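Student: With the input below, show me the fold.
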Amino acid sequence: MQGGIYVIETAMMYRNGKATTLGCDAMISCVQRLYRSVVRLAGDRSGNLAVMFALALIPAAGAVGVAVDYSKASQLRTRMQDVLDAAVLAGLKESSSTLQISKASSYFQSQTSNNWGAAPLRRVSQSTSAAS
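Tutor: Residues are numbered from 1 along each chain as shown. Predicted structure coming up:
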C-alpha cells in the first residue's frame with residue numbers, strides 16, 4: 001500500500017464454472033467502457049419523444065374525461081328543459097291554475113322517472129307455437 005492507494009493486481013472471474021484471472025488493465029478497460037456507456041446513455045435524446053408522449057397522455061386523458069362529462073351534463077340539461085317545456089304545455093290545457101300546476105307537476109314527475117323523457121324500453125315476448 002503506497003500513499004493510501006490499494007493496488008489490485010488480479011481479480012477472479014468465473015466463466016463456465018472455471019475461475020480465471022483478469023489483470024488490472026482488463027478491469028480498468030471494463031470500467032472505462034461501462035462509464036462511457038453510461039455517459040452516452042445519459043446524453044442520448046433519441047428516446048425523448050416516447051417519454052414526452054407518455055407525460056402528455058395524462059393531461060390529454062383528463063381533458064377527454066372533462067369533455068365527456070360536459071357533454072353528458074349539457075345533454076341532461078337539454079332533456080330537462082324539453083321535459084319542463086312539455087310539462088308547462090300539458091298544464092296549460094287545464095282551466096284553473098291549481099289544476100294546471102298539478103297536471104304540469106305530475107307530467108314532469110312521470111318523465112323524470114322515465115330517464116328524462118327517453119323513449120321507454122320495449123319488451124319483446126316470444127310466443128312459441130307447437131308445430132303438429
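
Student: can you count the residues close to Arg76?
Tutor: Heads up, residue 76 is Leu, not Arg. 11 (other C-beta atoms under 10 Å). Placement of C-beta: from N, CA and C, glycine included.

Student: now it: how far from Asp69?
Tutor: Separation of Leu76 from Asp69 (C-beta to C-beta, to the nearest Å): 11 Å.

Student: which residues do the two both contact?
Tutor: Taking C-beta atoms under 8 Å, 6 or more residues apart in numbering as the contact criterion, no residue touches both Leu76 and Asp69.

Student: And the average pLDDT for the one helix or strand Gln109 maps to is what?
Tutor: In this assignment (DSSP states H and E), Gln109 forms part of helix 97-112. For helix 97-112, mean pLDDT is 87.

Student: Please work out the angle formed by the directions of the helix or strand harbouring Gly65 and helix 97-112.
Tutor: Gly65 is located in helix 48-92, with elements delineated by DSSP H and E. Angle between the axes of helix 48-92 and helix 97-112 is 150 degrees (criterion: axes from the mean of the first three to the mean of the last three C-alpha atoms, to 10 degrees).

Student: Return the set of buried residues in stretch 97-113.
Tutor: Residues 100, 103-104, 107-108, 111 are the ones in stretch 97-113 that count as buried (16 or more other C-beta atoms under 10 Å).

Student: Out of the residues you listed, the closest to Pro59 would be?
Tutor: Of all these, Pro59 sits closest to Gln111, with 38.5 Å by C-beta to C-beta.

Student: roughly how far apart are the closest one and Ala86?
Tutor: Distance, Gln111 to Ala86, by C-beta to C-beta: 7 Å.

Student: So for stretch 83-90, mean pLDDT?
Tutor: 88.

Student: Actually, stretch 56-68.
Tutor: 94.

Student: what's the closest of the buried residues of stretch 97-113 to Cys30?
Tutor: Cys30 has its nearest neighbour among the buried residues of stretch 97-113 in Gln111, at 78.6 Å by C-beta to C-beta.
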